[in-house]
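Engineer: Sequence first, predicted coordinates after that:
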Amino acid sequence: MTISPTIERPPSTIPKQIEDLTMLEEVAARTAGVSRLEMCIQCGTCGGSCPSAADMDHTPRMLFAMLRAGMRQAALSSNTPWVCVSCYHCVVRCPQNVHIADVMYTLKSMAIHAKLYKDATAPDFSQTFVDMVEEYGRSFEFGLATRHYLKHFPLRLPGMAPMGLGLLSKKRMSITPSRIKNIKQLKSILKRAKELEADDHD
Amino acid sequence: MTEYLFYPGCSMESSAKAYYDSLMAIAGPMGLKLKEIEDWNCCGATEYLGISLTPAYALISRNLALAAKQANGTKTVVAPCSACYLNLSKADFYMQERPKLGKMVNQALEAGGLSYKPGSLDVRHLLDVLIYDIGLDTIKSKVVRPLKGLRLAPYLGCMVPRPDYEHRWSDPEHPVELDLLLEVLGAEVIDYPLKTHCCGGHMTQIGPETAFELIRRLISSADQYEADMMVTLCPMCQMNLDAYQNETNRFFGTNFNMPIMFFTQLMGLAFGLDAKDLGFGSELVSANEALAKIGVEVPLETQAAPARPRKKEGLPMPTPLPTNAPQLPKDEEA
């Protein structure tokens, strides 16, 4: 099923290669709840409230303008959603009640789908976390940390050893995962959910 | 006794064991009967939502479905962890706001023989239940050892007061609930301006420089207010501020030594409970000095072993460069 635009437009005069005017609607349609993304008035309150804006390629405001302009490639390869810390400051301050943090989650999943992210650190971390959860039904910090740090931050490991040992010796981290009883049920649910998600995106 | 469905979340069993232990210790005196949801699974934290929508919400909703099935007269789910609390309430709220999501999630749940009718549970945070159901008066009546002389910085982090779909908190940016609770315990509570600012979340794992700066801001502000410790209600915040404090110090050349405790641990102390039953000693930045101010000693067996002195001739360890360090000129591309 394709995501069909809900607004009828006159024939476009924009050159075909840059025309991607369904982008905004597609992002909205793929966001949980009612995103209200199309209500953005470009006031910039989001970027001004953001604790990690300094590390972003584009502020949320700029990114939303890019979505509106149909700049698919640029928007999906922006590091902005990956640097978002989900603090929800922008969400409670937005005068238009745009669900900004949830739009960021949508953009991450679209960037993964389109393989447009620039740096694999964050997507890999999320995927590793999810792999563990799908396998055990619970998060598994030790497995996650070792796999992630060996791949992405090997040089940080020596400096972090005392902390890791501290957590282990204080029994704040276990070296074996714990599994839920009915993992079979969870796996069937997630399998079905993935099929539904794939059908929805075709 | 008021009975609640209880969703502990993964951290309570591992990194935030102190939170779990102290909560179990105060549950009796508070008249909280917590019935753990049988066979609950991880909520997906902030990771699954960024991978795929329907599976992420199906993962969260399996817990809601189990809770609704096991609810015996009660419809309130209590979550002590911020990310769990937000994810559970977010799923419940969005499935009502957008029925299509609820429909897809239920189709997925059906594969496991489960279903959930959005809106049939109340998802609430532990602090919310303590303040608004149990009440400050009851809490105050249990205090036998007031935390007099202890200066505390109340720190809530982001995901409890925001986005607050159900309008449960006094303010999304400067809520007073935690301050009031610590005050009735007899502590000196500072008006901590960064009480709902971000601890860095998962950035400690994927973009450490971003996280270190956020951690530095929080601890440095609490330090300037001369807080003896920061008191939090979130496993992720506790982990970032406690376990990464050392790395943050090394990164900025600072020397902060700020203990980060869970509010339930301080409640237990004020109720006269034994520090060893409240998870004290499992923090990496020791709270012993601060606790000595109120005459509490941490049991020896849980104290950290003294650090082994490092040999002078040891190999140098790589340390990250400060951001303002001079950069080597980049090689010209051949």
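Structural biologist: Done, it's in.

Engineer: going forward, measure contacts and count neighbours with C-alpha atoms only.
Structural biologist: Fine.

Engineer: So, low pLDDT: which residues of the stretch 1-150 of chain B?
Structural biologist: For the stretch 1-150 of chain B, the stretches flagged by pLDDT under 70 are B:1.

Engineer: Return the residues of it in contact with chain A.
Structural biologist: Neighbours of chain A within the stretch 1-150 of chain B, by Cα under 8 Å from any Cα of the partner chain: B:10, B:14-17, B:39-42, B:44, B:46-55, B:58-59, B:62, B:93-95, B:97-98, B:101, B:104-105, B:107-112.

Engineer: Show me what the longest helix along chain A is packed up against.
Structural biologist: With secondary structure taken from DSSP state H, chain A has its longest helix at helix A:183-201. When contacts are defined as 3 or more Cα pairs under 8 Å, 6 or more residues apart in numbering or on different chains; DSSP states H and E, helix A:183-201 sits against helix A:121-136, helix B:53-70, helix B:99-110.

Engineer: that older thread, separate out the buried members of the residues of the stretch 1-150 of chain B next to chain A.
Structural biologist: B:10, B:14-17, B:39-42, B:44, B:46-55, B:58-59, B:62, B:93-95, B:101, B:104-105, B:107-112 (16 or more other Cα atoms under 10 Å in any protein chain shown).

Engineer: which of the helices and strands packed on helix A:183-201 sits most buried?
Structural biologist: Among these, the stretch with the highest mean neighbour count (mean count of other Cα atoms under 10 Å in any protein chain shown) is helix B:53-70, at a mean of 24.

Engineer: so what's the one residue in the stretch 151-300 of chain B that gets nearest to chain A up against?
Structural biologist: Residue nearest to chain A within the stretch 151-300 of chain B (Cα to the nearest Cα): B:Cys158, separated by 5.0 Å. Neighbouring residues of B:Cys158 by Cα atoms under 8 Å, 6 or more residues apart in numbering or on different chains: A:86-89, B:196-198.

Engineer: Closest to the centroid, which residue in chain B?
Structural biologist: B:Cys234 (0.7 Å; Cα atoms, centre = their mean).

Engineer: That one contacts B:Ala79, correct?
Structural biologist: No. Applying Cα atoms under 8 Å as the test, B:Cys234 and B:Ala79 come out as separate, 10.4 Å apart.

Engineer: for chain A, which spans come out with low pLDDT?
Structural biologist: In chain A (pLDDT under 70), the answer is A:1-9, A:12-19, A:202.

Engineer: Show me the helices in it, by range?
Structural biologist: Using DSSP H, helices in chain A cover A:23-29, A:45-49, A:60-68, A:72-76, A:80-83, A:89-93, A:100-113, A:121-136, A:141-152, A:157-169, A:183-201.

Engineer: Which neighbouring elements make contact with the shortest one?
Structural biologist: What it means is helix A:80-83. So helix A:80-83, by 3+ Cα pairs under 8 Å, 6+ apart, packs with helix A:100-113.

Engineer: between the helix it packs on and helix A:60-68, how many degrees?
Structural biologist: Going by axes from the mean of the first three to the mean of the last three Cα atoms, to 10 degrees, helix A:100-113 is angled at 50 degrees with respect to helix A:60-68.

Engineer: Okay, buried residues for helix A:100-113 please.
Structural biologist: A:100-112.

Engineer: Repeat that for stretch A:72-81.
Structural biologist: So for stretch A:72-81, counting by 16+ other Cα under 10 Å, buried means A:72, A:75-81.

Engineer: Adding distance to A:Phe129, write these out as TSV.
Structural biologist: Output for these, formatted as TSV (distance: Cα to Cα, whole Å):
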residue	distance to A:Phe129
A:Arg72	27
A:Ala75	25
A:Leu76	22
A:Ser77	22
A:Ser78	22
A:Asn79	20
A:Thr80	20
A:Pro81	18
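
Engineer: Kindly indicate which of these lies nearest B:Gly272.
Structural biologist: Using Cα to Cα, A:Pro81 is the member of the buried residues of stretch A:72-81 that lies nearest B:Gly272, at 46.2 Å.

Engineer: give the contact list for the closest one.
Structural biologist: A:Pro81 touches A:104-105, A:107-108, counting by Cα under 8 Å, 6+ apart.

Engineer: residues near B:Met261, how many?
Structural biologist: 30 (other Cα atoms under 10 Å in any protein chain shown).

Engineer: wait, A:Ala161
Structural biologist: A:Ala161, neighbours per other Cα under 10 Å, totals 11.

Engineer: Relative to B:Ser282, how far out is it?
Structural biologist: 17 Å (Cα to Cα, to the nearest Å).

Engineer: And for B:Asp92?
Structural biologist: Counting by Cα to Cα, the gap from B:Asp92 to B:Ser282 is 34 Å.

Engineer: go on, B:Ala243?
Structural biologist: Taken as Cα to Cα, the span from B:Ala243 to B:Ser282 is 11 Å.

Engineer: about what we covered before: please tabulate the contacts of B:Cys158 in TSV, including the columns distance to B:Ile131 and neighbour count.
Structural biologist: Listed next are the contacts of B:Cys158 as TSV, based on distance: Cα to Cα, whole Å; neighbours: other Cα atoms under 10 Å in any protein chain shown:
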residue	distance to B:Ile131	neighbour count
A:Ser86	26	24
A:Cys87	23	26
A:Tyr88	23	27
A:His89	24	26
B:Thr196	18	23
B:His197	22	22
B:Cys198	23	26
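
Engineer: nearest to B:Gly268, of these?
Structural biologist: B:Thr196 (23.7 Å).

Engineer: would you say the closest one is within a strand?
Structural biologist: No. Counting by DSSP: H, G, I helix; E, B strand; the rest coil, B:Thr196 is located in no strand; its state is coil.

Engineer: contacting residues around it?
Structural biologist: Counted by Cα under 8 Å, 6+ apart, B:Thr196 has contacts B:155-158, B:161, B:173-174.

Engineer: same check, this time on A:Gly44
Structural biologist: A:60-61.

Engineer: same thing with the one 3 residues further on?
Structural biologist: Applying Cα under 8 Å, 6+ apart to A:Gly47 gives the contacts A:53, A:59-61, A:90.

Engineer: Repeat the analysis, applying 6 Å as the threshold.
Structural biologist: Listed by Cα atoms under 6 Å, 6 or more residues apart in numbering or on different chains, the contact partners of A:Gly47 are A:59-60.

Engineer: cool, A:Pro10 as well?
Structural biologist: A:Pro10 neighbours (Cα under 6 Å, 6+ apart): none.

Engineer: And it, how far from chain B?
Structural biologist: 29 Å (Cα to the nearest Cα, to the nearest Å).

Engineer: Chain A contacts on the stretch 201-334 of chain B?
Structural biologist: Within the stretch 201-334 of chain B, the positions near chain A by Cα under 6 Å from any Cα of the partner chain are B:201, B:206, B:282.

Engineer: Could I have the ChimeraX command that selects the buried members from the residues you listed?
Structural biologist: Applied in ChimeraX, the following selects the buried portion of these according to 16+ other Cα under 10 Å:
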select /B:201,206,282
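
Engineer: Mind putting the residues of the stretch 201-334 of chain B next to chain A into TSV with secondary structure?
Structural biologist: Conversion of these to TSV gives the following (three-state DSSP):
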residue	secondary structure
B:Gly201	coil
B:Ile206	helix
B:Ser282	coil
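
Engineer: residue boundaries of the strands in the stretch 151-300 of chain B?
Structural biologist: B:151-155, B:188-189, B:229-232, B:260-262 (DSSP state E, counting those that start in this stretch).

Engineer: ok, and of the contacts of A:Pro81, which contact chain B?
Structural biologist: Answer for the contacts of A:Pro81 near chain B (Cα under 6 Å from any Cα): A:105, A:108.

Engineer: nearest to chain B, of the contacts of A:Pro81?
Structural biologist: Distances from chain B to the contacts of A:Pro81, taken by Cα to the nearest Cα, are shortest for A:Tyr105, at 4.3 Å.
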